[in-house]
Every structure is written in C-alpha cells, then in structure tokens.
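Trainee: Give the three-dimensional model of this entry:
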Amino acid sequence: MNYELLFDALKTRRIRIAVTGASGGFGRSLLVQCRNIPSLDIVALCDLNTQGTQDLLRELQYLTDATICQNASAAQAAQAQGKTAIVADYRLLDALDVDMVIEATGKPEISVRIAVNALQRGVHVGMVSKETDSVAGPWLNQMALKHNAVYTTVDGDQPANLLGLITWARVLGFDIVAAGKSSEYDYVWSQDSGELDYCGRKVSAPGLADCWSLGDNINATLAQRKALLHMLPMSATPDYCEMNVVANSAALIPACDALNYPLCHISELADVFVPVEDGGILTQTGVVDVFNCLRRDDEVSFGGGVFIIVRCKDDATWEMLAGKGHVVGRNRKYACIYLPYHIMGLESPHSIFSAVLHQRSSGATNQAIYAVMAGHADRDLKKGELLEMGGHHHTIPDVSARLLAKADAEKVAPYYLLSNKVLTRDVAAGELITLDALEMEDSMLWTAWQESWNL
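Mentor: Down below sits the predicted model:
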C-alpha cells in the first residue's frame with residue numbers, strides 16, 4: 001500500500017482535530033507525531049489537568065502559545081486567532097469547528113458523552129477509550145451512520161491494528177482460525193542466571209530450561225511452564241476489553257471465557273493456537289485469544305503486537321515460506337502472520353486521515369455484540385459493597401475479567417458498567433455479576449448497552 005498516494009489530499013487539505021485526555025500517555029504520543037504533520041491543526045486539547053497539558057506542550061516544544069480557556073467564547077477566540085484552546089470541560093468542544101475528536105479519557109461515562117456530542121453534529125470520532133467501545137461500540141457506530149459521520153477505533157492500539165490484519169487477510173482469501181495479541185508485558189528469562197523478569201519482578205525459574213521447547217505434548221509443556229511461573233500474573237484486564245472490541249468488529253467469539261494465555265514463544269504460535277485435534281489448544285475456531293510472550297533476554301519482544309493464525313492451503317508454498325523463516329506450524333497445516341508492535345498515537349494519524357479524507361473507518365465497525373466482557377467474583381461479595389474501579393488497568397478488587405460469547409451473556413453486566421456500582425444482592429465466589437445485582441442509575445452508557453443488545 002502506497003500511503004502517500006492513498007492520502008495524497010494532505011498536500012492541499014488541513015484537518016482540524018480535538019484531543020480529549022490530552023495529558024495522558026496516548027495523548028502525548030499523538031502530539032509527538034502531530035508535530036511532524038503540517039496538515040493537522042490541533043484546535044483543542046481537553047483534560048481536567050489543564051496545567052499539566054500546558055506543561056506537556058512546553059516540554060514537547062509544540063503549540064507553546066496554547067491558551068487555557070474557561071468558557072466557550074474564550075475557546076472560540078483562541079481558534080479564531082489560530083491558537084490551541086486547552087479546556088477542562090468537554091462540552092466546550094461543541095463551540096469549536098473541528099473535523100474529528102480523538103477521545104482518550106479512558107472514562108466510559110464521560111467518553112460516551114463526548115462521542116455522542118461530536119457525532120450528533122457530524123464530527124468524526126476516533127475512540128481510543130476501548131473501555132467505552134466494549135460497551136457502546138455498536139450503538140455509537142449506528143449513531144455515526146445516522147449523522148453522516150465516522151466512528152472508529154484508532155490505528156496504533158491493538159484493536160484497530162488487529163482488525164486491520166484480520167481484514168487484510170480476509171480480502172486476500174485467507175481462512176482465519178484465530179486472532180489475538182500478546183499481553184502487555186513479556187516474560188523474559190535469563191539463561192545465565194536462571195531468573196525470569198516480569199515487569200521488573202524477578203523470580204527464580206531454572207526449571208524453564210526443561211520445558212523451553214514445546215516437545216511432543218504441547219498442552220503438557222504449556223501447563224508445566226504455567227506451573228513454574230504460577231506466582232506471576234497470567235492475565236490483564238485490558239486484554240479482555242481489547243479482544244471484546246475485536247470480536248464485535250470481526251464477528252469472532254472468545255476461545256474460552258478466561259482466554260487461554262499460554263506462555264509461549266513467537267515461533268510456537270502456529271502450533272499452539274490450532275485445534276486440539278492437531279495438537280493445539282483450541283476447542284473451536286474463528287476465535288480471539290491472548291498469549292503471554294515468553295522469551296530469552298537476548299530475543300526481540302512481540303511489543304504488545306497482534307497475530308492471526310491461518311490455514312495453509314498449499315504445501316509447497318508454505319514449505320517455501322517456512323524456509324524463509326516465517327512462522328509455520330510443524331505439521332504445515334497452519335501459519336502465523338503477525339505485527340510485532342503497537343506504537344499508540346504515533347500511528348493514529350492514519351485513522352484521522354481515513355475518516356476525514358475518505359469518510360471511512362480504519363478500525364472498528366462493530367454493528368452488533370458478539371462478545372461481552374464480564375466481571376467474575378473471586379470471593380463472596382456482599383450486598384451493599386461498592387465495586388470500586390481504579391488503577392491504570394481499571395481493575396476492581398476481587399473481581400476478575402471474563403470474555404463470553406453473546407449467547408452465554410444475556411443477563412450478565414458488561415465489565416465497565418460495574419464501575420463504582422453498589423451491589424443489591426450477594427454474589428457468590430465463582431459467579432458472574434449480573435445486571436440485577438447492580439444499583440443501576442440512568443446513564444448514557446447504560447442506555448447504549450440496552451439498545452446495543454438488540455442491534
């Protein structure tokens with residue numbers, strides 16, 4: 001694909017955008033890249049931390065004349081003067097002339113309102129807050145269609161990147177068995193010390209040498225690896241959310257409720273994520289799943305990247321590709337095609353260009369629910385308890401994530417509707433939290449979920 005030809009209109013067109021959640025990690029990475037793209041005009045940056053946003057711009061030496069605006073008239077005046085308005089109140093964005101809003105607050109109740117306000121006035125929306133998309137994506141897509149606007153996840157984050165890989169493969173006629181990503185952080189083993197490093201936490205794991213290769217019994221080897229590293233986290237809440245978004249967009253289903261999370265090397269993916277009858281771990285195909293990248297300290301990372309497993313249709317072709325170093329299964333029935341990176345906002349301008357110049361989504365186009373991210377009670381929860389969500393990964397104490405096929409989730413509450421809700425009844429350990437267990441107030445996110453269910 002020649003991207004200079006694809007987006008040739010950038011030579012004569014200027015694109016006006018607003019970014020919410022601007023002082024966060026995604027916002028920073030997007031602004032870093034926008035500095036290099038003359039056709040992008042940053043009309044507004046919205047963040048509760050307005051001073052922090054201004055400090056970020058000074059650090060980046062970009063948009064240093066941006067001004068903090070307290071009301072709509074001040075924001076409009078800033079735009080008229082060619083300056084960037086920094087605002088704390090997302091409602092002030094409605095007073096500005098923009099082509100697209102990039103939503104990155106990570107706060108679903110606020111995020112959905114920002115998206116609705118933009119779409120209803122025909123402004124495109126790039127949804128970085130995957131938490132919102134996992135609950136309201138189909139509903140927001142329908143709203144975008146009604147108002148001649150584009151709603152999309154953005155390139156640079158795993159959902160859009162994986163959907164790009166899936167659709168690339170489908171257009172080429174590949175038969176996709178599984179699609180997924182690596183979890184956020186690698187499990188890095190040192191042969192010299194016998195220690196394994198996970199996010200700076202080091203554990204002794206000399207036994208890994210004995211199961212470093214898959215061997216003949218793949219499932220036994222994977223179980224042995226997991227047992228050796230049982231003291232480390234084997235799953236992460238954001239993974240379920242991202243796979244929820246992909247499932248809804250690509251009409252796929254979860255491999256299993258907890259997702260499999262095998263500890264495996266990149267070179268093993270085409271042997272692991274294949275049907276059990278071929279020695280792998282999948283009990284069904286057409287699924288989404290996640291793996292934990294296991295590597296030595298002298299091997300490259302998967303970088304939080306994405307992959308697909310496809311069926312090999314011609315022995316000679318795939319034998320040739322295996323000889324070139326591509327990841328082809330030992331039985332030559334399956335191959336893995338992957339992108340070993342996710343570079344956040346550095347890649348997101350492609351989504352802006354696609355929406356504004358071509359009126360096309362570059363990412364999620366989920367029109368219906370295929371999967372539901374749910375909350376699983378890890379202990380007995382009592383009536384009256386507050387499900388307090390917090391932290392970088394939006395975790396709820398003693399509640400872990402699951403990803404269910406829609407057919408198994410009719411009464412289940414989507415995970416991000418649990419946030420800061422009070423339980424109206426006891427929930428036993430091992431149960432999924434259902435909608436009738438929540439003290440549910442009216443909210444736009446709740447409305448979006450109710451109306452999405454029947455799309």
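Trainee: if I pick His326, what's in contact with it?
Mentor: His326 makes contact with Ala335, according to C-beta atoms under 8 Å, 6 or more residues apart in numbering. Quick note: C-beta positions are derived from backbone N, CA and C, even for glycine.
Trainee: For stretch 348-368, give the mean pLDDT please.
Mentor: Average pLDDT, stretch 348-368: 90.
Trainee: got the contact list for the residue nearest the centre of the chain?
Mentor: The chain has Glu242 as the residue nearest its centroid, 3.6 Å off, counting by C-alpha atoms, centre = their mean. Neighbouring residues of Glu242 by C-beta under 8 Å, 6+ apart: Lys130, Asp157, Gln158, Pro159, Leu162, Lys181.
Trainee: ok, 7 Å please
Mentor: Lys130, Gln158, Pro159, Lys181 (C-beta atoms under 7 Å, 6 or more residues apart in numbering).
Trainee: State the distance from the second one to Gly303.
Mentor: Between Gln158 and Gly303 the computed distance is 10 Å (C-beta to C-beta, to the nearest Å).
Trainee: same check, this time on the first one
Mentor: Separation of Lys130 from Gly303 (C-beta to C-beta) stands at 18 Å.
Trainee: Can you show me the helices along this protein?
Mentor: Here the chain has its helices, by DSSP state H, at 3-6, 25-34, 50-60, 72-80, 108-119, 130-146, 158-171, 218-228, 237-250, 269-272, 315-323, 349-358, 444-452.
Trainee: want to try TSV for these, with distance to Ala209 as columns?
Mentor: Below are the helices of the chain laid out as TSV (distance: least, C-beta to C-beta, whole Å):
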stretch	distance to Ala209
helix 3-6	45
helix 25-34	36
helix 50-60	45
helix 72-80	61
helix 108-119	44
helix 130-146	37
helix 158-171	31
helix 218-228	10
helix 237-250	28
helix 269-272	19
helix 315-323	26
helix 349-358	43
helix 444-452	48
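Trainee: Which of those sits closest to Val372?
Mentor: helix 237-250 (7.2 Å; C-beta to C-beta).
Trainee: The closest one: how far from the chain's middle?
Mentor: Helix 237-250 has its C-alpha centroid displaced from the chain centroid by 6 Å (C-alpha atoms, centre = their mean, to the nearest Å).
Trainee: what angle do that helix and helix 158-171 make?
Mentor: Per axes from the mean of the first three to the mean of the last three C-alpha atoms, to 10 degrees, the angle that helix 237-250 makes with helix 158-171 is 30 degrees.
Trainee: Which positions in stretch 411-425 come out as buried?
Mentor: Using 16 or more other C-beta atoms under 10 Å as the test for burial, stretch 411-425 gives Val412, Ala413, Pro414, Tyr415, Tyr416, Leu417, Leu418, Ser419, Lys421, Leu423.
Trainee: All the strands of the stretch 351-455 of the chain, residue numbers only.
Mentor: Shown for the stretch 351-455 of the chain, the strands assigned by DSSP state E, counting those that start in this stretch span residues 371-377, 386-387, 399-405, 421-422.
Trainee: now, of the ones you listed, which is deepest in the fold?
Mentor: strand 371-377 (a mean of 25; mean count of other C-beta atoms under 10 Å).
Trainee: From the chain's centroid, how far away is that one?
Mentor: Mean C-alpha position of strand 371-377 versus that of the full chain (C-alpha atoms, centre = their mean) differs by 16 Å.
Trainee: what's it packed up against?
Mentor: For strand 371-377, the elements it packs on are helix 237-250, strand 399-405, judged by 3 or more C-beta pairs under 7 Å, 6 or more residues apart in numbering; DSSP states H and E.
Trainee: Quick one, which of the helices of the chain gets closest to Ser190.
Mentor: Among those, the nearest to Ser190 by C-beta to C-beta is helix 218-228 (14.5 Å).
Trainee: more neighbours, Gln158 and Gly303?
Mentor: Between Gln158 and Gly303, counted using other C-beta atoms under 10 Å, the more crowded position is Gln158 (27 against 14).
Trainee: So, low pLDDT: which residues of this structure?
Mentor: 366, 392 (pLDDT under 70).
Trainee: can you rerun that using 80?
Mentor: Low-confidence segments of the chain, defined by pLDDT under 80: 364-367, 391-393, 455.
Trainee: Would you mind giving the domain segments of it?
Mentor: If you go by automatic domain parsing, the domain ranges for the chain are 3-156+345-358, 160-342, 372-452.
Trainee: Point out the most buried one among these.
Mentor: Using mean count of other C-beta under 10 Å, domain 3-156+345-358 ranks as the most buried of the domains of the chain, with a mean of 20.
Trainee: Tell me the gap between that one and the middle of its chain.
Mentor: 18 Å.
Trainee: Ends of that domain, what's the gap?
Mentor: 13 Å (C-alpha to C-alpha, to the nearest Å).
Trainee: how big is the angle separating the biggest strand by length in the chain from strand 371-377?
Mentor: Longest among the strand segments of the chain by residue count, using DSSP state E, is strand 287-296. Per the same axes, to 10 degrees, the angle that strand 287-296 makes with strand 371-377 is 70 degrees.
Trainee: name the helices or strands packed onto strand 287-296?
Mentor: Applying 3+ C-beta pairs under 7 Å, 6+ apart, we find strand 287-296 packed against strand 176-182, strand 187-189, helix 237-250, strand 253-254, strand 263-264.
Trainee: and with 6 Å instead?
Mentor: Contacting strand 287-296 under the criterion 3 or more C-beta pairs under 6 Å, 6 or more residues apart in numbering; DSSP states H and E are the following elements: strand 176-182, strand 187-189, helix 237-250, strand 263-264.
Trainee: quick one, what contacts Pro275?
Mentor: Taking C-beta atoms under 6 Å, 6 or more residues apart in numbering, we find Pro275 in contact with Leu282.
Trainee: switch to 7 Å and redo it
Mentor: Leu282, Thr285.
Trainee: follow-up on the earlier one: of all the helices and strands packed on strand 287-296, which one is nearest Lys226?
Mentor: strand 263-264 (6.0 Å).
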